[in-house]
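In: Sequence and predicted model, in that order:
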Amino acid sequence: MTTTTLAKQPAPTAPAGTVSYAARIDHVSKSFGRPGAQQHVLDDISIDVAPGEFVCLLGASGCGKSTLLNLVAGLDAPSSGGIETPGGRPALMFQEHALFPWLTGGRNIELALRLRGVPRAERRAEAERLLELVRLGGAYGKRVHELSGGMRQRVAMARALAQDSQLLLMDEPFAALDAITRDVLHDELTRIWSAANDSASGTGGLSVLFVTHNVREAVRLAQRVVLLSSRPGRIAREWQVDIPQPRRIEDAAVADLSVEITEQLRGEIRRHGQH
Amino acid sequence: MASTETKAQSAAAQTTAQDGATAEGPAAGAATRATAAGDTTHDLAGLEAGLDALESTVVARQPWLRTIASKTFPPLIAIALVLGLWQLAYHLQLKPHYLLPSPFDVARSVQEKWLQGTLLGYVWTSISRGALGFLASVAIGTVLGLVVARVKVVRAALGPILSGLQSLPSVAWVPAAIIWFGLSDATIYAVVLLGAVPSIANGLVAGVDQISPLYLRAGRTIGATGLAGVRHVLLPAALPGYIAGLKQGWAFSWRSLMAAELIVNAPDLGTGLGQMLEQGRETGDMSWVLSAILLILIVGIGIELLIFAPIERRVLRSRGLLVKS
């Protein structure tokens, strides 16, 4: 049911004639601090995210997964190595919704559209369409503080989608939600991602690079799970997840693979207690 | 401990998997999944609608009549108490009547000025000066505040000076301004600007400093960089602090204006409330002096209550920062 891939695989869903990756992380290392007292956070990370692929970065605290996402988002520069995102600036979602409280839900999305250069006349309709997409048709005029946690994350998802980027970076976006809401948002994300990559949808496809420390979440969502070791963050192992979507977090197959990955993750963590 | 748990989990997972396989067989399992896929979209929509309904709370706003009543009665009672004590002191003749006139004497003095038709002119002269000085201070203070908040070198150089200037009473500038500009409007405006600009600039700096870095990051990821970032993220995010600065800036403008008017007294300058106060002192008319003080107080409080308080409340409420517990 699952195959473990240590070597990099050719992009499975790459359309012919286009760039074969949505993001290329090429031998990236990152250290913080002044020379001499440097802290190595990431060490020689290489990951290719294929167009339309859903990749989860999994790791314990200190594995630098958020740092890596910041590098891909262009918010920080790697100490060495290169990062390419041929589709332009990636969209980014955080654990906090990061919606602007001075704007309504709809206006938050319209701001992203405006900064992308969408003409004024089209913004309103497009914002409404995106809100419909996350099933929040009534939230256009709602202030951020009037929305529940799950609704805020869905508006944030709509705002990220408003950037019309082919790469969506997600930094533990559901970690602060309750289990029921998180489960629903997993379904929602899978649905939106599948729809965007449906050849009939007419969009350019959507790749997702999703950071989490929740093994089940990673297996529930991803086509490929990349396990990072901690301090410094290195790629420990990769799993190709072949369980067909839609999956459920309580599926036996999801549980099986989660057990295997958790075992490995615990092994990685244990190494740190030994010295 | 940790490893036992894992074993138990893995055993449980295997049992579930085997059960599923024996009971339904692979083909049946696939069929179930296919129907489930069709239903999921519908299910999910209903589930989400339910969750949204459960988690949304409707914050009921108080009826406006009750809001007004609960906001106006306490201060009115306090004012009535003060007036009562004042009247009592007058009645007991704690001081001779020409030194401590009664509230009614003061009211009569205000009425007299009103009937002469000069009172509104005094008030208007001061308010228009105050407003003009304040608006000029806003223009200068905003630009200055933005530069200090965003440019490190400027902040290191000017930050401490700006904070220091706030503790300097602006009346201290009056002698200097008179030497520079003589007894003119320029002197009055110079004192108002020197009083108000630092507090407006400082308010904006504080507002910018309090912005959650998350908003700046979010702004950058959706492409709000450079001037667009200032306009769409930085300024709106700093608005609560900025408004607090404006409020304080108005208080400083008004105070500085009164200090300046009190001292800068020339016949060809219009008569404002400060000059009215000074004239009262010259004639030794305590009722006149007290009525001028009251008017200065009322204008200051009135502008704060009628202009700044509603704006501030609106901004805070729209951001969910005014939620009553």
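Out: Yes, it's here. Computed from a predicted structure; not experimentally measured. Numbers count the residues shown, from 1 in each chain, chains lettered A, B, ... in the order given.
In: can we go C-alpha only for contacts and neighbour counts from here?
Out: OK.
In: Leaving out chain neighbours, which residue sits closest to A:G137?
Out: A:L131 (5.3 Å; Cα to Cα, 6 or more residues apart in numbering or on different chains).
In: same check, this time on B:Q248
Out: Closest to B:Q248 by Cα to Cα, 6+ apart is B:S199, at 6.5 Å.
In: Test for you: state the pLDDT assigned to the one you found.
Out: As predicted, B:S199 sits at a pLDDT of 91.
In: Within the helices and strands, which one has it?
Out: Element membership of B:S199, judged by DSSP states H and E, is helix B:185-209.
In: which other helices and strands contact that helix?
Out: Using 3 or more Cα pairs under 8 Å, 6 or more residues apart in numbering or on different chains; DSSP states H and E, the elements in contact with helix B:185-209 are helix B:119-150, helix B:152-166, helix B:173-181, helix B:235-263.
In: switch the cut-off to 6 Å
Out: helix B:119-150, helix B:173-181, helix B:235-263 (3 or more Cα pairs under 6 Å, 6 or more residues apart in numbering or on different chains; DSSP states H and E).
In: CA atoms only for the second one, dumped as PDB, please.
Out: Yep, that's helix B:173-181 we're talking about. Extracted in PDB, the C-alpha atoms of helix B:173-181 (Å, rounded to 0.1, in the frame of the first residue of the first chain):
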ATOM      1  CA  TRP B 173       8.200  78.100  24.500                       C
ATOM      2  CA  VAL B 174       6.100  81.300  24.800                       C
ATOM      3  CA  PRO B 175       8.900  83.600  25.700                       C
ATOM      4  CA  ALA B 176      11.100  82.200  22.900                       C
ATOM      5  CA  ALA B 177       8.300  82.500  20.400                       C
ATOM      6  CA  ILE B 178       7.600  86.100  21.400                       C
ATOM      7  CA  ILE B 179      11.200  87.000  20.900                       C
ATOM      8  CA  TRP B 180      11.200  85.300  17.500                       C
ATOM      9  CA  PHE B 181       7.800  86.400  16.200                       C
END
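In: Run the angle between it and helix B:235-263 for me.
Out: 80 degrees (axes from the mean of the first three to the mean of the last three Cα atoms, to 10 degrees).
In: So what touches helix B:173-181?
Out: With Cα atoms under 6 Å, 6 or more residues apart in numbering or on different chains as the test, helix B:173-181 has contacts from B:T187.
In: Check the offset of that helix from the chain's centre.
Out: 31 Å (Cα atoms, centre = their mean, to the nearest Å).
In: pLDDT wise, what is B:L100 at?
Out: Reading off the model, B:L100 has pLDDT 88.
In: Poorly predicted segments of the stretch 51-200 of chain B, please.
Out: When the per-residue scores of the stretch 51-200 of chain B are filtered using pLDDT under 70, the ranges that remain are B:57-61.
In: That should have said chain A, apologies.
Out: A:1-19, A:199-204, A:274-275.
In: helix/strand/coil for the residue minimising distance to the centre of it?
Out: Chain A has A:F210 as the residue nearest its centroid, 2.5 Å off, counting by Cα atoms, centre = their mean. Put simply, A:F210 is strand when judged by DSSP: H, G, I helix; E, B strand; the rest coil.
In: Pull the number of nearby residues for residue 221.
Out: Chain wasn't specified; assuming chain A. By other Cα atoms under 10 Å in any protein chain shown, 26 other residues sit near A:L221.
In: my question was about chain B
Out: 22.
In: For residue 117, give me phi and psi.
Out: Using chain A here. phi 100, psi 20 (degrees, to the nearest 10).
In: any idea how far B:V299 is from it?
Out: A:G117 sits 47 Å away from B:V299, taking Cα to Cα, to the nearest Å as the criterion.
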